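Engineer: this one's sequence-less:
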């Protein structure tokens, strides 16, 4: 059995990049929700843009996870 180390390294690199990207995206979503909480606590209302950005980040995370599941399950 011969292991294709270049392909294995490529898969590792892509999976590492996607994982770091998803964590960063999720962190941005959490930060957006936190900004809204601070705005409400200060009584300035607002925070609509922060919440919208957070929801977009969470939707992108969900889409990436769904696409990953689609790739794992296969195209049928």
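Structural biologist: That came through fine. Because the structure is a prediction, the values reported are computed rather than measured.

Engineer: CA only for contacts and neighbour counts going forward, please
Structural biologist: Fine.

Engineer: Only the buried residues of the host helix or strand of residue 27, if you could.
Structural biologist: Assigned by DSSP states H and E, residue 27 falls within helix 5-42. Buried residues in helix 5-42, counted by 16 or more other CA atoms under 10 Å: 22, 25-26, 28-37, 39.

Engineer: Of these, which is the nearest to residue 6?
Structural biologist: Distance to residue 6, by CA to CA, is smallest for residue 22 among the buried residues of helix 5-42, at 24.2 Å.

Engineer: Nearest spatial neighbour of the closest one, chain-adjacent residues omitted?
Structural biologist: residue 61 (6.2 Å; CA to CA, 6 or more residues apart in numbering).

Engineer: Just list what the helix or strand hosting the one you found packs against, helices and strands only.
Structural biologist: Under the criterion of DSSP H and E, residue 61 resides in helix 48-73. Helix 48-73 sits against helix 5-42, with contacts defined as 3 or more CA pairs under 8 Å, 6 or more residues apart in numbering; DSSP states H and E.

Engineer: by contact count, what packs against the helix it packs on?
Structural biologist: Counting by 3+ CA pairs under 8 Å, 6+ apart, helix 5-42 packs on helix 48-73.

Engineer: roughly how far is the helix it packs on from the heart of the chain?
Structural biologist: Centroid separation for helix 48-73 versus its chain: 6 Å, with CA atoms, centre = their mean, to the nearest Å.
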